[in-house]
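>>> Have a look; sequence and predicted model below, questions after that.
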Amino acid sequence: MSQTGSKTGQQAEFEANPPEPFRLSVRRGPFTTHNGPWYHWAEGETFRQGVRVQRRHCNSRDICHGGFLCSLADGLAATAVFRNLQHSSVTMKLNTEFLGSARAGDWLQGTGWIVRATRRMAFVEARGWVGEGIDMPETDFVFTASAVFRLFDRVD
């Protein structure tokens, strides 16, 4: 894992080096863009989002910060809503369980899916894990999350 230049008084960050078939995500809001760079992969109804964990994403022990993991979980759930239901939405509720850890330099990725949807709400699950492959593991998750989204207008 190679590291890139650093600012005075800070340790170097890691090159993103996303695994195949991930590609740079360019349509992001300002908050998410600030926390990236983010990468994605999609085939049919299956999608993944990933990021190379940087030191700026971590606590003082080089372990990925829980707030960053929650942001990823929220983004995965929102992507599932948009990709599957084609609605704009906002998060009403997000519950995240931390089951493992990611460290600076790890490739962290995840996915989300719709559990149930009504006219105005979507119930979503998301998972995140460390690993370069595109297959979701059956165990060893860094986090699991459940979310409820308020649905707005359909996006055509």
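Received, thanks.

>>> Would you list the strands that the strand or helix carrying Gly110 pairs with, along with their directions?
Gly110 belongs to strand 107-117 when elements are defined using DSSP states H and E. Each strand paired with strand 107-117, and its direction, by DSSP bridges: strand 46-52 (antiparallel), strand 121-130 (antiparallel).

>>> and the lowest-mean-pLDDT helix or strand in the chain, what does it pack onto?
Here the helix or strand of the chain ranked lowest by mean pLDDT, DSSP states H and E is helix 30-35, holding a mean of 79. Helices and strands touching helix 30-35, by 3 or more Cβ pairs under 8 Å, 6 or more residues apart in numbering; DSSP states H and E, are helix 66-85. (Each C-beta comes from the backbone N, C-alpha and C, glycine too.)

>>> Okay, now the sheet partners of the following helix or strand past the helix it packs on, with direction.
Scanning forward in sequence from helix 66-85 by DSSP H and E, the next helix or strand is strand 87-98. Here strand 87-98 has these sheet partners by DSSP bridges: strand 143-154 (antiparallel).

>>> averaged over its residues, what pLDDT does the partner strand have?
The average pLDDT within strand 143-154 is 96.

>>> what's the angle between that strand and helix 66-85?
Using axes from the mean of the first three to the mean of the last three Cα atoms, to 10 degrees, the inter-axis angle of strand 143-154 relative to helix 66-85 is 40 degrees.

>>> Outside of strand 143-154 itself, which residues are in contact with it?
Contacting residues not belonging to strand 143-154 are listed as 69-70, 72-74, 76-78, 81, 85-100, 110, 112, 115, 117, 119-128 [Cβ atoms under 8 Å, 6 or more residues apart in numbering].

>>> Pull out the buried members of these.
Neighbour-count burial within the contacts of strand 143-154 applies to 69-70, 72-74, 76-78, 81, 85, 87, 89, 91, 94, 96, 110, 112, 117, 121-128; the criterion is 16 or more other Cβ atoms under 10 Å.

>>> spatially speaking, which residue is in the middle of the chain?
Ranked by distance to the mean C-alpha position of the chain (Cα atoms, centre = their mean), the top residue is Leu72 at 3.2 Å.

>>> That residue contacts Val51, doesn't it?
Yes - the pair formed by Leu72 and Val51 meets the contact definition of Cβ atoms under 8 Å, at 7.2 Å.
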